[in-house]
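Sequence and predicted structure below; questions after.
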Amino acid sequence: MVRGTGMFVKIVMVTAWFLAAGEAHAITLVQDGKPAATIVVAASPTPAALLAAKELQYHVKEMTGAMLPVEHPGADTAAVAILVGESEATRKLGLRSEDFQSQEYLIRIQDGLIVLMGRDWQDTPANRLEVGSDMVHSLADTRDKVNYTAAVGWENAPADIIELPGILDDQGTCYATYDFLERFCDVRWYGPSLLNVVIPSARTLTVPPAEIRRRPSLLHRNAPGGGWPIIRKQWARHDGAQKDLFDRRMRFGGERWACNHSFASYRDRFLVKNPDAPQLWERSRPDFFAVGWENEGFWRQLCMTHPDLIEQVVQDARDYFDGKGVKGRQLACGDYFSVVPEDSDHWCKCQRCQAVLAPGKSRDIKHTFGTGTASDYVFGFVNAVAREVRKSHPDKYIATLAYHVYSYPPTFELESNVAVAPCVQLCYAYQKGVFENDANFYGQWIARSEGRKVYLWNYFHHPMERAILGGWKCFPCFMPDVISQWVKRYHEDGVRGFFLCGIPQQLDYYLYMQTAFNVDTDWTALVDEFFVRYFGAAAEPMKAFYYRIMQINREEGVLGTSPDASWGRLGTEQRMNELGALMDRAVALARTDVEKQRVATWKSGVWEYMLEGRTEYLQKQQ
Ligand SMILES: [Zn+2]
């Protein structure tokens, strides 16, 4: 049996119904350090099954010392079979990848057999031709090639170059395998580096019977980043391949959807021929562009009431849905074509646009980012495009954001084929004022969105992004309670997924992604477990350090978004002494080399970053 009894109790509860049925027997994969099971994959596995088989083999080896052999169906073996991905062997059981819904997966531990499989993207020429992108990368570009043995630290093993499943490709077999490794083998991935991975030691690995068939709670889980000051240190030394692998382990990606400002290339297509991108030029249509803002460059808005412009955007969407690709930096993915103005409120000053905008002035909210002053204007444009596109492509969607001066719903109904993503600043949840407004417009969207595809742009960028842009260092904010509460609420509200904008720190990011994958995740249990399993003997002061930072933000009800807020309000001398004492105690208590290294990542990443921030603040004060 594996270490970590707390986890084991939960597993038994999950499978209790099955045990009650009788004939349930635990299955042994490794006995006294010797392999007792064989991994079985198809002769030509999907990219997901190939990765899943390697990941299973690697983690069991690191855990027990036993290298489970990988065979193809039909091989002569007396050992327990672990069927990874669809193969002849699963088809004999009536289990086919195509019978699963997108992202659905199965963990079956039953009758001396383990099945780990789900819906997988198939590597066919037609599938490789599909056009689309997440916020940044094309579908093809996310099928990263990595040297697997180097990425997992098996430096003496021969190079093993594999193509990872693209983050928006179905990879149910990977989900099954990662969920199996977490639930039944107690493996944890707290970051991309080898130091971040927690694998228990056990000479014998036995797993109880189970039947888990499910989809992730939120279907789109997109959260790029990791380069900001604190998390960069916490994630320790790692390379790009290890980050790529970590993304799969976190089950980053999912449903094909993307949405962001989408008209950056209109200038190159219809206003000025760009010598760096002459292929984008189509014809001169200066009347497409916002009147009165002639010097705006690529940010220049469009004249969004112009019938010819609307017709052009409709044509762009139809071309995409007809497989003709996208133009320039137009964003589109799967069944979604993004229609969102550029990032400013410099709207067209023509009479027709101004007539639509004028009544919106009454919807302003003073000193607040998210209002409804341009909601009717922007969503009127989105609606006009959606109405036309639905005539030719009734099962496709126009993806848009509810953002800035169009955060609130319009005064009219949105077309049924508009998928909307409110932009909610969850990072302000402890700050009085700001978040109430975001929660308010979010609630209005949900109340009006029955049957609608709703996604979320979730900000987690402040205070860190402010500090980075301003060249100073902030008092950080940790908020596991808020993350848990809101991700669960998104699920209850039928939100399909999120783009997480800004990932400032290790544990909150981990909690967010784990809760999005499975909303049954209990945040206090997850946080407790993290500190015990990650820091060992130093767990108690490290946890106190984390919770104290969280409490300080809550006590003050502000976020450290300015040097004064960070070091005048939050990180006072007394509090810094208190936090410093906790960190000193953690350093003193850390016992093993790994514990010491992990404490060091937080000491330099969080604590010394804070010390420098306060010191620089005091120096400027003098
Ligand atoms: Zn106009």
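Received the coordinates, thanks. Residues are numbered from 1 along each chain as shown.

And the residue of the stretch 151-300 of the chain closest to the ion?
Going by Cβ to the ion, the ion is nearest to Val291 of the stretch 151-300 of the chain, at 5.7 Å. C-betas here are computed from N, CA, C, even on glycine.

whoops, the stretch 501-622 of the chain was the one
For the stretch 501-622 of the chain, Cβ to the ion, closest residue to the ion: Cys501, 29.5 Å.

In contact with the nearest residue to that residue once chain neighbours are set aside, which residues?
Residue nearest to Cys501 in three dimensions, not counting chain neighbours: Tyr459, with 5.0 Å by Cβ to Cβ, 6 or more residues apart in numbering. Neighbour list for Tyr459: 423-428, 501-502 [criterion: Cβ atoms under 8 Å, 6 or more residues apart in numbering].

One more pass at 6 Å, please.
425, 427, 501 (Cβ atoms under 6 Å, 6 or more residues apart in numbering).

Quickly note the distance from the second one to Cys477.
Which is Cys427. 7 Å (Cβ to Cβ, to the nearest Å).

hang on, the earlier thing: for the residue of the stretch 151-300 of the chain closest to the ion, pull up the helix or strand it's in.
Under DSSP states H and E, no helix or strand contains Val291.

so how many other residues sit close to it?
Residues lying near Val291 (other Cβ atoms under 10 Å) number 17.

just Leu309 next, same as before
For Leu309, using other Cβ under 10 Å, the count is 22.

Tell me, how many residues neighbour the closest residue to it other than its chain neighbours?
Among residues not flanking Leu309 along the chain, Phe288 sits closest, at 4.8 Å (Cβ to Cβ, 6+ apart). Phe288 has 21 neighbours, counted by other Cβ under 10 Å.

who's in contact with Phe288?
270, 302, 309.

Sitting in helices, which of these do you find?
Among those, the members found in helices (DSSP state H) are 270, 309.

Using JSON lines, lay out the contacts of Phe288 together with pLDDT and distance to the ion.
Formatted as JSON lines, the contacts of Phe288 follow (pLDDT from 0 to 100; distance: Cβ to the ion, whole Å):
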{"residue": "Phe270", "pLDDT": "98", "distance to the ion": "15"}
{"residue": "Leu302", "pLDDT": "98", "distance to the ion": "8"}
{"residue": "Leu309", "pLDDT": "98", "distance to the ion": "9"}
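
Out of the contacts of Phe288, which is nearest to Ile107?
Leu302 (49.5 Å; Cβ to Cβ).

Next, Leu245: secondary structure please.
Applying DSSP: H, G, I helix; E, B strand; the rest coil to Leu245 yields a three-state assignment of helix.

Isn't it up against Ala151?
Yes: counting by Cβ atoms under 6 Å, Leu245 does reach Ala151; the two are 5.2 Å apart.

burial count for the residue in the stretch 101-250 of the chain positioned nearest to the ion?
Here the residue of the stretch 101-250 of the chain nearest the ion is Met135; by Cβ to the ion that distance is 28.2 Å. Counted by other Cβ under 10 Å, the residues lying close to Met135 total 15.

Am I right that it sits in a helix?
No: under three-state DSSP, Met135 sits outside any helix and is assigned coil.

if we can go back for a sec, quick one: contacts for the residue of the stretch 151-300 of the chain closest to the ion?
Val291 makes contacts with 348-350, as judged by Cβ under 6 Å, 6+ apart.

Go back to the residues you listed and keep what's next to the ion.
By Cβ under 5 Å from the ion, the members of those lying near the ion are 348, 350.

possible to save the contacts of Val291 as CSV with secondary structure and pLDDT?
Shown next, in CSV, are these (DSSP: H, G, I helix; E, B strand; the rest coil; pLDDT from 0 to 100):
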residue, secondary structure, pLDDT
Cys348, coil, 98
Lys349, coil, 98
Cys350, coil, 98
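
Is Ala421 within a helix or a strand, and which one?
strand 418-424.

next helix or strand past that strand?
Note on strand 418-424: by DSSP H and E, the next helix or strand toward the C-terminus is helix 434-447.

rewinding a little: please identify which of the contacts of Tyr459 is nearest to Ser566.
Cys427 (14.0 Å).

Could you report the distance from that closest one to the ion?
Using Cβ to the ion, to the nearest Å, Cys427 is found at 35 Å from the ion.

sorry, back to before: how about the residue nearest to Cys501, phi and psi?
Backbone geometry at Tyr459, expressed as degrees, to the nearest 10, gives phi -80, psi 130.

List the contacts of Met479.
When contacts are counted by Cβ under 6 Å, 6+ apart, Met479 touches Ala429.

Likewise for the one 5 residues further on?
For Ser484, the residues meeting the contact criterion (Cβ under 6 Å, 6+ apart) are 515, 523.

run the last query once more with 8 Å
511, 515, 521-523.

re earlier: which residues sit in contact with the residue of the stretch 501-622 of the chain closest to the ion?
So Cys501 contacts 457-461 (Cβ under 8 Å, 6+ apart).

And Ala419, by the same measure?
Ala419 touches 257, 259, 336, 397-400, 452-455, counting by Cβ under 8 Å, 6+ apart.

And those, which is closest to the ion?
Using Cβ to the ion, those come closest to the ion at Thr400, 18.8 Å.

which strands and helices sit next to the one helix or strand Ile107 maps to?
If you go by DSSP H and E, Ile107 is part of strand 105-110. When contacts are defined as 3 or more Cβ pairs under 8 Å, 6 or more residues apart in numbering; DSSP states H and E, strand 105-110 sits against strand 113-118, helix 172-185, strand 210-214.

What's the first helix or strand after the first one?
Under the assignment DSSP H and E, the closest C-terminal helix or strand after strand 113-118 is helix 125-129.

neighbouring contacts of that next one?
121, 140.

how about the residues of the chain near the ion?
303, 348, 350, 353.

wait, what's in contact with the closest residue to Trp457 other than its chain neighbours?
Spatial nearest neighbour of Trp457, excluding adjacent residues (Cβ to Cβ, 6+ apart): Cys423 at 4.1 Å. Going by Cβ under 8 Å, 6+ apart, Cys423 touches 370, 401-404, 407, 456-457, 459.

Give the rounded mean pLDDT of stretch 148-165.
Taken as a whole, stretch 148-165 has a mean pLDDT of 97.

how long is that stretch end to end?
This stretch, stretch 148-165, spans 13 Å end to end (Cα to Cα, to the nearest Å).

helix, strand or coil for the nearest residue to Val587 once chain neighbours are set aside?
Closest residue in space to Val587, ignoring its immediate chain neighbours: Val599 at 5.8 Å, by Cβ to Cβ, 6+ apart. The three-state label given to Val599 by three-state DSSP is helix.

Val599: neighbour count?
Around Val599 there are 24 other residues, counting by other Cβ under 10 Å.

ok, then the element right after the strand or helix carrying Val389?
Applying DSSP H and E as the criterion places Val389 in helix 375-392. Under the assignment DSSP H and E, the closest C-terminal helix or strand after helix 375-392 is strand 397-402.

Give me the buried positions along that following strand.
Under the neighbour-count criterion of 16 or more other Cβ atoms under 10 Å, strand 397-402 has 397-402 buried.

Let's have the residues you listed in TSV, adding pLDDT and distance to Leu56.
Shown next, in TSV, are these (pLDDT from 0 to 100; distance: Cβ to Cβ, whole Å):
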residue	pLDDT	distance to Leu56
Tyr397	98	37
Ile398	98	41
Ala399	98	36
Thr400	98	41
Leu401	98	39
Ala402	98	42
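
Using CSV, lay out the residues you listed together with distance to Gly191.
Output for the buried residues of strand 397-402, formatted as CSV (distance: Cβ to Cβ, whole Å):
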residue, distance to Gly191
Tyr397, 35
Ile398, 37
Ala399, 31
Thr400, 34
Leu401, 30
Ala402, 32
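
helices or strands next to the helix or strand where Tyr512 lies in the packing?
Mapping Tyr512 onto the secondary structure by DSSP H and E places it in helix 506-517. Judged by 3+ Cβ pairs under 8 Å, 6+ apart, helix 506-517 is in contact with strand 220-222, helix 229-234, helix 480-492, strand 497-501, helix 523-535.
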